Structures are given as C-alpha cells and as structure tokens.
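Mind folding the following:
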Amino acid sequence: MFSKMKIGDFAKYNQISVQALRYYEKIDLIHPIAIDPFTNYRFYHIKQSAVIDNIQFFQQLNFSLAEIKHMMDDTKNPTMLNQLIENKKEELRHELSQIDQQLKEIEAFQDGAFIYQAKKECNEIELLEFPTRWILTHPTTQNIYEMSEEEYEFSLREFKSERKNLRKFNRVGSIMSHHSFTQETFQSKEFFMFSDKKTARTKSLRKGTYATFYCHSFREEIEQLPRFKKALALLDYQITGDYICEVLYENNKTSDMNRSMFIRMQIPVKKRNEPNISF
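All right, here's what the predicted structure looks like:
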C-alpha cells in the first residue's frame, strides 16, 4: 500500500468528506502534500491522518475550527491552550446544568400529566405529605378570584415580565391567607411559581400534611372553596396554614382562547387531637 494518495482516498480512509478537506485547506488548517499542476489533483500522505484524528477529536467536543487551529499550531504558548480548554470545560458544565434543569422541568410536567390522568375524576379529599417547597411570588392589587379572564392574563404577564431570566412559566398558583379561607372571604392577592431551590428571592411552603382536592377551572374552584372548608370541618381537620391553589397541569390547544387547567386545591391540616409540631 502506498502512502501518497488522492484526496478522495484520503477522505475515505479518514471518514471525512472531500468538501471538508478542501475547506480545511482554504482556512489553512491542513494542506495536501502535493498538487498536480496539470490536473489540480490534491494528494495527501497517510501520516497526515494523525492531524485529522486531532481535528475530529476536538470537533466532537464542540471546539470551533479556529480554536482547533490555535490549539494545534500554537504549541509554544501552553497558557493559551490551557485557557481554551478551561473555557470549553466551563461551557460544557453550563450546558450540563441546563440539561439537568430541562430534565427537572419535563419531569415536573410529566408528573402533572400523570396526576391529571389519575385524579381527573377524583371527588374525594385526600391527605398528601409535601416536603418544603420553594416559590417565587408576585403581589396583585386585585383579588384574583374577582378578576376577569383578561385581567388574570394581564396579571400573569406582569409576573412573567418581572421574572425575565426564567425560561419557564408554568405551574403558576395563588395563595390565600388562613384567615381569608376560614372566614370564607376567599381573597387572594398573591401569585406564585415553584422554584427548584432556595434563593434570596424565594419563600417557602412548609412541609407537612395537606388536605387536597382537584378541580378543572377557577370558576369550579370558587364553587368548591366553601364545600372544601365544610368537608374539612366534618372530617375534624384543623387548618394550620394558608390555602394554596396550584395549577398542576395545562395542555392548551393552539386554537384555545381560554386556559385548560387542572387545579390542586390544598391546605395544611392536622387532626385536632394531634400535637402541633413546628419544623
């Protein structure tokens, strides 16, 4: 087997296209060892395969061709080489963090869909144990339960605008004070959205036992609120905190004008003969 070969054969051996080799020559990345002056055929040497191996290795790490040229040619400046590699490592860490976040978000959406399928016909109060949950909040001047659908959407736009750095805007809910729920005034002037972690801007929903019920719209929720409170009293549950409306799942069609919601009504409770334990 001879070492000098035409560009097509060299490309075949190295699993690279002829077009890529011609482009690499154009940007001064790798050159043929000879060019026939009459036919303009390009010839490469089999030992140049090592250069192609290096290029392909760095490419699969998403280095640009310009960066690859720097790293392969500027061997007298190890500081620059190391800096390029450190920059790439940091970029990959950031991408990994983004992928982890996307996985958490899609799993949360999937959990909501699973709960919707399992509980969409549920007509009973259930007790659930929740861990400490972190939320971002947004105040409103108007009672959310008295808003028109348009007013509700404008208020959500204000909330979304306030959180410009967020990639997501779903699982939004509202909070009603313990007093408003027990006195049946049913007023809420605070939106919230779940956060994956505690920050300086988050508030907490305490962990513990919550009585839960499901409904399919705000209008239905308003109708169920007094029934929910009455049912809790009949079950001898003592309300120990604020009421929470969590929009658990939405799957809006592209033609929809109104939101398609599945809501989890929830409030922290304990049996009246149970001790009140703080965490």
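
Can you list the helices and strands that the strand ranked longest in the chain packs against?
Longest strand of the chain, by residue count under DSSP state E: strand 261-271. Secondary-structure packing of strand 261-271 (3 or more C-beta pairs under 8 Å, 6 or more residues apart in numbering; DSSP states H and E): helix 78-119, strand 126-130, strand 208-215, helix 218-234, strand 237-239, strand 243-250. C-beta: built from backbone N, CA, C; applies to glycine.

Pull out the buried positions in the fifth one.
By neighbour count, and taking 16 or more other C-beta atoms under 10 Å as the criterion, the buried residues in strand 237-239 are 237, 239.

So what's the residue count around the residue nearest to residue 265 when sequence neighbours are not counted?
Counting by C-beta to C-beta, 6 or more residues apart in numbering, residue 265 lies nearest to residue 213, which is 4.5 Å off, once chain neighbours are set aside. Counted with other C-beta atoms under 10 Å, residues neighbouring residue 213 total 22.

looking at the helices and strands packed on strand 261-271, which has the lowest confidence?
Mean pLDDT values for the helices and strands packed on strand 261-271 show the minimum at helix 78-119, a mean of 89.

Show me what it is packed against.
Secondary-structure packing of helix 78-119 (3+ C-beta pairs under 8 Å, 6+ apart): helix 65-73, strand 243-250, strand 261-271.

how about 7 Å then?
On a contact count with 3 or more C-beta pairs under 7 Å, 6 or more residues apart in numbering; DSSP states H and E, helix 78-119 meets helix 65-73, strand 243-250.

which of the ones you listed is buried the deepest?
For the helices and strands packed on helix 78-119, average neighbour numbers computed from mean count of other C-beta atoms under 10 Å are highest in strand 243-250, which has a mean of 22.

Residues contacting it, please?
Residues outside strand 243-250 that contact it (C-beta atoms under 7 Å, 6 or more residues apart in numbering) are 112-113, 115-116, 170-176, 181, 205, 221, 259-267.

Buried only: go through these for me.
Among the contacts of strand 243-250, those buried by neighbour count (16+ other C-beta under 10 Å) are 112, 115-116, 171-176, 181, 205, 221, 261-267.

circling back: what would the helices and strands packed on strand 261-271 look like in a markdown table with distance to residue 19?
Conversion of those to a markdown table gives the following (distance: least, C-beta to C-beta, whole Å):
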| stretch | distance to residue 19 |
| --- | --- |
| helix 78-119 | 26 |
| strand 126-130 | 57 |
| strand 208-215 | 58 |
| helix 218-234 | 58 |
| strand 237-239 | 71 |
| strand 243-250 | 47 |
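
so which of those comes closest to residue 201?
Ranking these by proximity to residue 201 (C-beta to C-beta) places helix 78-119 first, at 17.1 Å.

Next, the angle from that closest one to strand 126-130.
If you take axes from the mean of the first three to the mean of the last three C-alpha atoms, to 10 degrees, helix 78-119 sits at 170 degrees to strand 126-130.

residues contacting residue 41?
residue 6 are the contacts of residue 41 under C-beta under 7 Å, 6+ apart.

what about the longest strand of the chain, distance to the chain center?
Offset of strand 261-271 from its chain centre (C-alpha atoms, centre = their mean, to the nearest Å): 25 Å.

quick one: contacts of it?
Surrounding strand 261-271, the residues in contact under the criterion C-beta under 7 Å, 6+ apart are 116, 120, 181, 206, 208-217, 221, 224, 228, 232, 236-241, 243-250, 276.

CA atoms of that strand as CSV?
Extracted as CSV, the C-alpha positions of strand 261-271 are listed here (Å, rounded to 0.1, in the frame of the first residue of the first chain):
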residue,chain,number,x,y,z
MET,A,261,-56.5,23.9,33.8
PHE,A,262,-56.3,21.1,36.3
ILE,A,263,-56.0,22.6,39.8
ARG,A,264,-54.9,21.0,43.0
MET,A,265,-56.6,22.8,46.0
GLN,A,266,-54.5,22.3,49.1
ILE,A,267,-54.2,23.4,52.7
PRO,A,268,-52.1,22.2,55.6
VAL,A,269,-54.1,20.4,58.3
LYS,A,270,-53.8,18.1,61.3
LYS,A,271,-56.3,16.1,63.3
